[in-house]
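Colleague: coords please:
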Amino acid sequence: MQHIKDSLAKGTWVTSRPDIKILDCTVRDGGLINDHMFEDGFVKAIYDTCVAAGVDYMEFGYKNSDKIFARDKFGAWKFTSEDDLRRIVGDNPAGVKLCAMADAERCDYHTDVLPKKDSVLDVIRVACYIHQIPMAVDMIKDAHDKGYETTVNLMAISTVQDRELEDALAVLADTPVDTVYVVDSFGAFYSEQIRDLTVQYLSAVEGKGKSIGIHTHNNQQLAYANTIEALIVGASRLDATINGIGRGAGNCPLELLLGFLKNPRYRLRPVLECVRDVFLPLTNKMEWGYMIPYMITAQFNQHPRSAIKMRAGDHPDDFVAFYDQMSEEE
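Modeller: As a prediction, this is how the structure comes out:
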């Protein structure tokens, strides 16, 4: 890992690295706000923006089971069927790689994830918690054997003990997964912690031919800074969303990331057009982004669900009472 230490010591400008790839998760993560009930026009606008901006990957939604989630209560991107995908992208002549997330214990992955030859998808992103690692290993193998590129998001690692994380990474390093993601599920990490975790993940997969990714949340307004921190020490798969959309405090904004990279392979202007034409009107219908309740859940290292519930309640701006409530529960 000497290259990592050298990079840290020299403060090397790293954004011209050819291994860097950007993944847009606007539809999947943004859909957590409105039960994935996006109209086709919105999803097509995101797809067209990713193509025009030169984004490498676009994630459409989940591969969730309709035995667990009722189809009349959720939009198409909770399930990401082949018919729904092709209605938006056809045969995807543009070349951006398309992704869906398979969530452990919420997905009938043996049947709902088709063989790659029958799907316009390119990547299956497995998501799991630490106790679901055995299932995640099987999900990775299943998707790999079907012909997909695979990634794994190990969630809520801010609640995981060091030894458990070490063991989990050792197991994942021996799977055929292509990318292992550092995930700040609660927006609780600071840049020093992201740096150390990224180095730990890189060490765990060294010599295995795998990449490390970064997926951040903006509870403490650190999603962008933490993404850059991971990038500088060697992460090469960078998740972002247009205008930072995502559940609660949202994610690393794609427009900020493209502005930082200054890579001629990527184009910022189409993203700014999309923010102006699509997202500014959307803010009148949906709420996301940094707010004090989400800061509070992050500082207590808690899932933002309680803050989301508070914002939907009768006293959405009484964050002092919310802080007292969280303090009592701690």
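
Colleague: just give the number of residues close to the residue nearest to Ala102 when sequence neighbours are not counted.
Modeller: Spatial nearest neighbour of Ala102, chain neighbours left out: Lys63 (4.7 Å); criterion: C-beta to C-beta, 6 or more residues apart in numbering. Every C-beta, even on glycine, is put in place using the N, C-alpha and C of the backbone. Residues contacting Lys63 under the criterion other C-beta atoms under 10 Å number 26.

Colleague: quick one, domains of this structure?
Modeller: Using automatic domain parsing, the domains assigned to the chain come out as 2-282, 292-329.

Colleague: most tightly packed of the ones you listed?
Modeller: Mean neighbour count, computed with mean count of other C-beta atoms under 10 Å, is highest for domain 2-282 among the domains of the chain, reaching a mean of 19.

Colleague: how far does that domain sit from its chain's centre?
Modeller: Here the centre of domain 2-282 is set off from its chain's centre by 4 Å, with C-alpha atoms, centre = their mean, to the nearest Å.

Colleague: show me where the stretch 101-250 of the chain has helices.
Modeller: Here the stretch 101-250 of the chain has its helices, by DSSP state H, counting those that start in this stretch, at 109-112, 133-145, 162-173, 191-205, 223-233.

Colleague: I'd like those helices laid out as CSV, including mean pLDDT and distance to Phe74.
Modeller: Shown next, in CSV, are the helices of the stretch 101-250 of the chain (pLDDT from 0 to 100; distance: least, C-beta to C-beta, whole Å):
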stretch, mean pLDDT, distance to Phe74
helix 109-112, 97, 14
helix 133-145, 98, 21
helix 162-173, 98, 29
helix 191-205, 98, 32
helix 223-233, 96, 26
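
Colleague: check what pLDDT Gly54 gets.
Modeller: Gly54 is assigned a pLDDT of 98 by the prediction.

Colleague: what is the mean pLDDT for stretch 30-47?
Modeller: The model assigns stretch 30-47 a mean pLDDT of 97.

Colleague: dump that stretch to PDB, restricted to CA.
Modeller: Output of stretch 30-47 as PDB, limited to C-alpha atoms (Å, rounded to 0.1, in the frame of the first residue of the first chain):
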ATOM      1  CA  GLY A  30     -33.900   9.300  -4.900                       C
ATOM      2  CA  GLY A  31     -36.800   6.800  -5.100                       C
ATOM      3  CA  LEU A  32     -36.500   6.100  -1.400                       C
ATOM      4  CA  ILE A  33     -38.200   9.500  -0.900                       C
ATOM      5  CA  ASN A  34     -41.300   8.700  -2.900                       C
ATOM      6  CA  ASP A  35     -41.500   4.900  -2.900                       C
ATOM      7  CA  HIS A  36     -39.900   4.900  -6.400                       C
ATOM      8  CA  MET A  37     -43.000   6.400  -8.000                       C
ATOM      9  CA  PHE A  38     -41.100   8.400 -10.600                       C
ATOM     10  CA  GLU A  39     -42.800   9.000 -14.000                       C
ATOM     11  CA  ASP A  40     -41.100   7.700 -17.100                       C
ATOM     12  CA  GLY A  41     -40.300  11.200 -18.200                       C
ATOM     13  CA  PHE A  42     -38.200  11.800 -15.100                       C
ATOM     14  CA  VAL A  43     -36.300   8.600 -15.400                       C
ATOM     15  CA  LYS A  44     -35.600   9.200 -19.100                       C
ATOM     16  CA  ALA A  45     -34.300  12.700 -18.300                       C
ATOM     17  CA  ILE A  46     -31.900  11.200 -15.800                       C
ATOM     18  CA  TYR A  47     -30.800   8.600 -18.400                       C
END
